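> Model the structure of this input:
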Amino acid sequence: MQVLSANPHVPVYHLEPDEATGNKHFRVYNYEGSFPNQSDLLIPHRKDHYLIVFIRRAGGTRQWIDMTPYILQDHTVYFNGPNQIIVKEEFKHLWSTGIAFTNEFLSYQENASLMELPIIQNLQQGYELLLNEADINFVEDILAKINVEYQSPSEWQQRMLTAYLSLLLTYLSRLYTEQFKENHASVDKLLLQKFHAKVNECFRELREVGGYASLLNISAGHLSEVVKIQSGKPAIKHIHERVVLEARRLLFHTQNPLKEIAFDLGFADASYFNRFFKRETGATPADYRANIRKMYH
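Now for the predicted structure:
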């Protein structure tokens, strides 16, 4: 994996094209009882792309996504996207197929609707889908088709990969809504999703509801009303929770000094960050870091 220099303490891994296809925005990984790349074990990192992995056999492999540990289960799909912090604790022999793709891949005209799918939006912050026998058969069939097409470059390859990935993500999104109780989208629900997307992009620099309303070309009052009705929480609370989530990621997964974390999150000084974090969580950043590490180590 090529490392991009976003934050030197939390490296961001770029999707590298494999030698066979040269595709910079879509890649297939197959493991048949082998070990994945061991170079990033125990290193907190982000990816600048999406990854959908179907685990056939994992042998007790364990990894973290943000602050949640997962012991990988057989016949299960795991997924993550940009922003999450990932830590691979240990890898044993692994049987799996992974599909990696970038935002650029999703931005192609014929792929744009994929950005709206629940598994891509992931508003419920879920990263694990349990499959029944029918699900397993369906996923295996689509992955087999993707593998064949991926290894056979032609003028139709891009369209075929897009068609198969669209079918896979649509199927997994249906499972996502069933397992995470996602409601059917409405106009207001879509506005909430767009608000969340903008908060994810801009939370370090933009902390006022009015700023997000401007980005979405609506009034601050309308945005506040819709967000409150759809989520049960004020819009400003969503912004603060996103900042707190990022603070927790950095406090848990890095050794960064509090002053450096405060600066990374857009705070003018560490004391303001300290007051903000305590107000939102009930604990100081230092206390949170000490307690959460004591709990998991």
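
> Let me see the contact set for F54.
The contact partners of F54, by C-beta atoms under 8 Å, 6 or more residues apart in numbering, come to 76-77, 96-98, 139-140, 143. Where you see a C-beta, it was placed from the backbone N, CA and C, and this is true even at glycine.

> What ranges in the protein fall below the confidence cut-off?
Low-confidence segments of the chain (pLDDT under 70): 1-9, 35-40, 91, 109, 182-185, 295-297.

> can you list the domains in it?
2-180, 187-296 (automatic domain parsing).

> want to throw the contacts of F54 into CSV with neighbour count, secondary structure and distance to F180?
Formatted as CSV, the contacts of F54 follow (neighbours: other C-beta atoms under 10 Å; DSSP: H, G, I helix; E, B strand; the rest coil; distance: C-beta to C-beta, whole Å):
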residue, neighbour count, secondary structure, distance to F180
T76, 19, strand, 15
V77, 23, strand, 13
S96, 23, strand, 22
T97, 20, strand, 23
G98, 19, strand, 21
V139, 21, helix, 18
E140, 15, helix, 23
L143, 20, helix, 22
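
> For Y171, which non-adjacent residue is spatially closest?
What sits nearest to Y171 in space, not counting adjacent residues and going by C-beta to C-beta, 6 or more residues apart in numbering, is F138, at 6.2 Å.

> Report all helices and strands that the helix or strand hosting the one you found contacts.
Element membership for F138 (DSSP states H and E) is helix 133-150. Counting contacts by 3 or more C-beta pairs under 8 Å, 6 or more residues apart in numbering; DSSP states H and E, helix 133-150 is packed against strand 26-34, strand 49-57, strand 94-102, helix 157-180.

> Make JSON lines from those and add distance to R279 to it.
What follows is the helices and strands packed on helix 133-150, written out as JSON lines (distance: least, C-beta to C-beta, whole Å):
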{"stretch": "strand 26-34", "distance to R279": "43"}
{"stretch": "strand 49-57", "distance to R279": "34"}
{"stretch": "strand 94-102", "distance to R279": "37"}
{"stretch": "helix 157-180", "distance to R279": "29"}
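
> which one of those lies closest to T284?
helix 157-180 (32.1 Å; C-beta to C-beta).

> chain center to the closest one, what's the gap?
16 Å (C-alpha atoms, centre = their mean, to the nearest Å).

> Mind checking what helix or strand follows that helix in sequence?
From helix 157-180, the next helix or strand downstream (DSSP H and E) is helix 187-202.

> I'd say A213 and L223 touch.
Yes. Counting by C-beta atoms under 8 Å, A213 touches L223, with 4.4 Å between them.

> what about the closest residue to Y150 other than its chain neighbours, distance to K294?
Distance criterion C-beta to C-beta, 6+ apart; nearest residue to Y150, sequence neighbours excluded, is V28 at 4.7 Å. Counting by C-beta to C-beta, to the nearest Å, the separation of V28 from K294 is 40 Å.

> now L216
Taking C-beta to C-beta, one finds L216 at 41 Å from K294.

> List of residues touching the helix or strand that contains F263?
For F263, the element it lies in under DSSP H and E is helix 258-264. Helix 258-264 is contacted from outside by 7, 9, 204, 247, 250-251, 254, 256, 269-270, 272-274, 285-286, using C-beta under 8 Å, 6+ apart.

> Export that helix to PDB, keeping only CA atoms.
Presented in PDB, the C-alpha positions along helix 258-264 are these (Å, rounded to 0.1, in the frame of the first residue of the first chain):
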ATOM      1  CA  LEU A 258      -3.500  16.500  23.300                       C
ATOM      2  CA  LYS A 259      -2.200  19.800  21.900                       C
ATOM      3  CA  GLU A 260      -1.500  18.200  18.500                       C
ATOM      4  CA  ILE A 261      -5.000  16.400  18.400                       C
ATOM      5  CA  ALA A 262      -6.600  19.800  19.300                       C
ATOM      6  CA  PHE A 263      -4.800  21.500  16.400                       C
ATOM      7  CA  ASP A 264      -5.700  18.600  14.000                       C
END
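
> after that helix, next one along is what?
Using DSSP H and E, the helix or strand that follows helix 258-264 towards the C-terminus is helix 270-281.

> Relative to the whole chain's centre, how far out is the helix or strand following that following helix?
Where DSSP H and E defines the elements, the next helix or strand beyond helix 270-281 is helix 285-296. Here the centre of helix 285-296 is set off from its chain's centre by 23 Å, with C-alpha atoms, centre = their mean.
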